[in-house]
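> Quick one, fold the following:
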Amino acid sequence: MMHGVASKQRFLFLQGPPGPFFFRLGLALRDLGHAVHRINLNGGDQSVWPGAAINYTGTADRWPSFVDTFLVENRISDIVLFGDCRPLHNAARGMARLRGIRVHVFEEGYIRPNWATLELDGVNGHSTLPRDPEWFIAAARDLPPLGEHAPVPATFRRRAREATAYYASTFLRTWRFPHYRSHRDRSAAAEALGWLKQLALRKLHQGQAEATLAKLAGKSYFALPLQLSSDHQIRIHSPFRSMEAGASYVIESFARAAPSDTMLLIKEHPLDNGLFSWGRFIGQEAARLKVSDRVLFAKGGDIETIVTGSLGVVTVNSTTGTLALASGIPVAALGHAVYNIPGVTFSGPLDSFWANPPAPDPETWDSFCRVLQARCLIYGGFASDEGIALLIAGAIARMLNLSEMVKIHASPS
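Reported below is the predicted structural model:
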């Protein structure tokens, strides 16, 4: 815990993204006079929060009672967490709801790059945003037009390095947290090894992707951006138990109903740990459905170029859908997504999408983006010190309900 401050609000931090963002945000809140507490749930949490904290080493069954007692004894007014569907986070949200405690939920940005998501209570499928296009049009009338923002510095290598260090620390400190079970479908050791392999082969994968994309020159194609099977967007907010099931469904529909002169490009998620061979799986599915000559797979490649050059994007609920919509590219979303709104995305069975994909309605899309930026998004990023400083300023303005952006120094010191 961080002591010696005159408390205004009393924050409890749970798990954040790998890297220093949550710790620096906690320091900034403390410097503004707020009390900040932290509970570490595993060794990775401990490694990215060098300040004083409580380590929870009990079982998942005991967690609701433990966190409820902590909330009461420390007079917590706000919980801060990353990802609302992680089992321990979901339990903490439930206990907070019973106590009338605010929960600030961070996630990767609904619109990327340059943005992170921050909403009260829940994100994605748990977001309180409606799905009524008329509501967005009405809500946007008093909002300013979307402004231009400079690109936020970010490097894949930094994110990969921080993720590898986090999962390695989780594995090496298992003895301290014997009951912890990750929300992900792989062990911490496997995650760390997978990331190291991905980093080592990054240039090779990029070269292979460029060769694959060259095969699309002059051809009409649809794009399917893969998501992580460990992502709760797939496991909870979609009809599929895994991304493999979702990919099979899309390939089957493409083989059955897409025009014979179109291709399907399937791109691996940039944060995939490489432990599952997507290339082999997609090749087998395409061969089974006799469309091997029309289905391509790429591990790398610029997603914006891929999306904007396509006839349309099929996704479960990836934020790549918003990238496509921003360029006027048709999108079919198969799961629960905040942007899955009539007039914005395709409505109907996927088999009907391939022949006549409709572009998003410009007014509805613009209204949606203005509401999203005002209510759910924070300018910045997790993959650079500059991006983190921007996120901290925006997060504090949102979390403390300040009328103006708070300017603070967000160094790790």
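> can we go C-alpha only for contacts and neighbour counts from here?
Fine.
> so who does the spatially most central residue of the chain touch?
Centrality entry for the chain: nearest residue to the mean C-alpha point is residue 108, 3.4 Å, by C-alpha atoms, centre = their mean. For residue 108, the contact set (C-alpha atoms under 8 Å, 6 or more residues apart in numbering) comprises 115, 116, 117.
> Quick check: it vs residue 336, distance?
According to C-alpha to C-alpha, to the nearest Å, residue 108 and residue 336 sit 16 Å apart.
> next one: residue 102
Taking C-alpha to C-alpha as the criterion, residue 102 is separated from residue 336 by 24 Å.
> What segments of the stretch 151-300 of the chain are strands?
220-225, 262-267, 295-298 (DSSP state E, counting those that start in this stretch).
> Output those strands as a markdown table; include the columns mean pLDDT.
Formatted as a markdown table, those follow (pLDDT from 0 to 100):
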| stretch | mean pLDDT |
| --- | --- |
| strand 220-225 | 96 |
| strand 262-267 | 96 |
| strand 295-298 | 93 |
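> Of those strands, give the one that comes closest to residue 318.
Smallest distance to residue 318 across the strands of the stretch 151-300 of the chain (C-alpha to C-alpha): 7.5 Å, for strand 220-225.
> Give the burial count for residue 62, as a bare number.
Residues near residue 62, counting by other C-alpha atoms under 10 Å, number 10.
> Enumerate every residue touching it.
Taking C-alpha under 8 Å, 6+ apart as the definition, residue 62 has no contacts.
> do residue 57 as well
Taking C-alpha under 8 Å, 6+ apart as the test, what residue 57 contacts is 41, 176, 177, 178, 179, 180.
> Just among those, which is most surrounded?
Most surrounded of the contacts of residue 57: other C-alpha under 10 Å gives residue 41, at 23 neighbours.
> Was I right to think it contacts residue 55?
Yes - counting by C-alpha atoms under 8 Å, residue 41 touches residue 55, with 6.3 Å between them.
> which residues does residue 374 contact?
So residue 374 contacts residue 143 (C-alpha under 8 Å, 6+ apart).
> From residue 314, how far off is residue 349?
12 Å.
> where does the stretch 1-150 of the chain have low pLDDT?
Scanning the stretch 1-150 of the chain for pLDDT under 70 picks out the ranges 1-7.
> just the helices in it please.
Using DSSP state H, counting those that start in this stretch, the helices of the stretch 1-150 of the chain run over residues 21-31, 43-48, 63-73, 87-99, 133-139.
> before we move on, back to that, which one of the strands of the stretch 151-300 of the chain lies nearest to residue 135?
When these are compared by C-alpha to C-alpha, strand 220-225 sits nearest residue 135, at 29.1 Å.
> Give the partner strands of the closest one in its sheet and their orientations.
As defined by DSSP bridges, the strand partners of strand 220-225 come to strand 262-267 (parallel), strand 312-315 (parallel).
> could I get those strands as a markdown table with distance to residue 31 and mean neighbour count?
What follows is the strands paired with strand 220-225, written out as a markdown table (distance: least, C-alpha to C-alpha, whole Å; neighbours: other C-alpha atoms under 10 Å):
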| stretch | distance to residue 31 | mean neighbour count |
| --- | --- | --- |
| strand 262-267 | 43 | 23 |
| strand 312-315 | 42 | 26 |
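> And the residue nearest to the centre of the chain, how close does it get to residue 28?
Residue 108 sits 21 Å away from residue 28, going by C-alpha to C-alpha.
> With residue 178 instead?
Going from residue 178 to residue 28 by C-alpha to C-alpha gives 32 Å.
> got it, and residue 107?
Following C-alpha to C-alpha, the distance that separates residue 107 from residue 28 is 19 Å.
> do the same with residue 95
In terms of C-alpha to C-alpha, residue 95 sits 26 Å off from residue 28.
> same check, this time on residue 104
Taken as C-alpha to C-alpha, the span from residue 104 to residue 28 is 16 Å.
> Can you give me the neighbour number for residue 88?
22.
> do the same with the one 5 residues further on
Applying other C-alpha under 10 Å, we find 26 residues neighbouring residue 93.
> Contacts only, for it.
Applying C-alpha under 8 Å, 6+ apart to residue 93 gives the contacts 84, 103, 121.
> which ones are touching the first one?
Residues counted as contacts of residue 84 (C-alpha under 8 Å, 6+ apart) are 90, 93, 105, 122, 123.
> please redo it, this time with the cut-off set to 6 Å
Residue 84 sits next to residue 90 when contact means C-alpha atoms under 6 Å, 6 or more residues apart in numbering.
> So it versus residue 381, what's the distance?
19 Å.
> Please apply the same query to the last one.
From residue 121 over to residue 381 the distance is 21 Å, taken as C-alpha to C-alpha.
> what do you get for the second one?
When C-alpha to C-alpha is the yardstick, residue 103 and residue 381 sit 21 Å from each other.
> Which positions within stretch 64-83 qualify as buried?
Buried residues in stretch 64-83, counted by 16 or more other C-alpha atoms under 10 Å: 64, 67, 68, 71, 76, 77, 78, 79, 80, 81, 82, 83.
> Could you do stretch 304-321 as well?
Using 16+ other C-alpha under 10 Å as the test for burial, stretch 304-321 gives 306-321.
> Alpha carbons of it, as CSV, please.
Listed in CSV are the C-alpha atoms of stretch 304-321, where the atom choice follows Å, rounded to 0.1, in the frame of the first residue of the first chain:
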residue,chain,number,x,y,z
GLU,A,304,-4.5,-1.5,-42.3
THR,A,305,-3.3,-2.2,-45.8
ILE,A,306,-4.9,-5.6,-45.7
VAL,A,307,-8.2,-4.3,-44.5
THR,A,308,-8.5,-1.3,-46.8
GLY,A,309,-7.7,-3.4,-49.8
SER,A,310,-10.4,-5.9,-49.1
LEU,A,311,-14.0,-6.3,-50.3
GLY,A,312,-15.0,-6.7,-46.7
VAL,A,313,-13.9,-7.9,-43.3
VAL,A,314,-15.4,-10.9,-41.4
THR,A,315,-14.6,-10.9,-37.7
VAL,A,316,-16.0,-12.4,-34.5
ASN,A,317,-15.7,-9.2,-32.5
SER,A,318,-12.1,-7.9,-33.2
THR,A,319,-11.3,-4.2,-32.9
THR,A,320,-10.0,-4.6,-36.5
GLY,A,321,-13.6,-4.2,-37.4
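> Report the mean per-residue pLDDT for that stretch.
Taken as a whole, stretch 304-321 carries a mean pLDDT of 94.
> That'll do, ta.
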